[in-house]
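J.: I need the structure of the sequence given here:
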Amino acid sequence: MERLEFFTITGEDGNEYNFMFIEELKIDGEKYWICYEAFKEEDSEDIVLGDTVAFKVNENNGELFLDAVEDDEELEKVEEEWKKIMEDIDIDENEDFIMLDSENDIIEEDKDN
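T.: The predicted structure is shown next:
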């Protein structure tokens, strides 16, 4: 079973947004995370994956900060690099997965059996 990484970001508007980490890219000395938006279905425990999102990863005193990629030229570079490798990434939506909280305790397990 493959472990999927989910995380939550609190936006400037105060709302929480959930994402699933897919891949880290290194382009021109910068790090970027490619993620899917993740939504929990209202009447079930199922998770639905939404749009692909790219974050620029910045570090400050050992802490990671994720910023939106707002520069069009920078975003194009990230998109082109992602297109080159996305054929190698396979996500099976029917695969079992475990969601972990920040202390790596199991908070939810999904089994199709």
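
J.: how long is stretch 25-35 end to end?
T.: 11 Å (C-alpha to C-alpha, to the nearest Å).

J.: please shift the residue numbers so they start at 55 in all later answers.
T.: Taking 55 as the first residue, the last one we looked at is stretch 79-89.

J.: for it, what is the average pLDDT?
T.: Average pLDDT, stretch 79-89: 94.

J.: one more: stretch 93-112?
T.: pLDDT averaged over stretch 93-112 gives 86.

J.: for it, buried residues please.
T.: For stretch 93-112, burial by neighbour count (16 or more other C-beta atoms under 10 Å) applies to 101, 107-110. Quick note: C-beta positions are derived from backbone N, CA and C, even for glycine.

J.: can I get the CA coordinates of it in PDB?
T.: The C-alpha coordinates for stretch 93-112 follow below in PDB (Å, rounded to 0.1, in the frame of the first residue of the first chain):
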ATOM      1  CA  PHE A  93     -12.100  17.600  -0.900                       C
ATOM      2  CA  LYS A  94     -14.000  15.400   1.500                       C
ATOM      3  CA  GLU A  95     -17.400  14.500   0.100                       C
ATOM      4  CA  GLU A  96     -20.100  16.000   2.300                       C
ATOM      5  CA  ASP A  97     -22.100  12.800   3.000                       C
ATOM      6  CA  SER A  98     -19.200  10.300   3.200                       C
ATOM      7  CA  GLU A  99     -15.600   9.900   4.100                       C
ATOM      8  CA  ASP A 100     -14.500   9.700   0.400                       C
ATOM      9  CA  ILE A 101     -11.900  12.100  -0.800                       C
ATOM     10  CA  VAL A 102     -12.300  13.700  -4.200                       C
ATOM     11  CA  LEU A 103      -9.200  15.100  -6.000                       C
ATOM     12  CA  GLY A 104      -9.600  18.400  -7.800                       C
ATOM     13  CA  ASP A 105      -7.300  20.600  -9.800                       C
ATOM     14  CA  THR A 106      -3.600  20.400 -10.000                       C
ATOM     15  CA  VAL A 107      -1.800  23.200  -8.100                       C
ATOM     16  CA  ALA A 108       1.900  24.200  -8.100                       C
ATOM     17  CA  PHE A 109       3.400  25.800  -5.000                       C
ATOM     18  CA  LYS A 110       6.900  27.400  -4.700                       C
ATOM     19  CA  VAL A 111       8.700  26.000  -1.600                       C
ATOM     20  CA  ASN A 112      10.600  28.500   0.500                       C
END
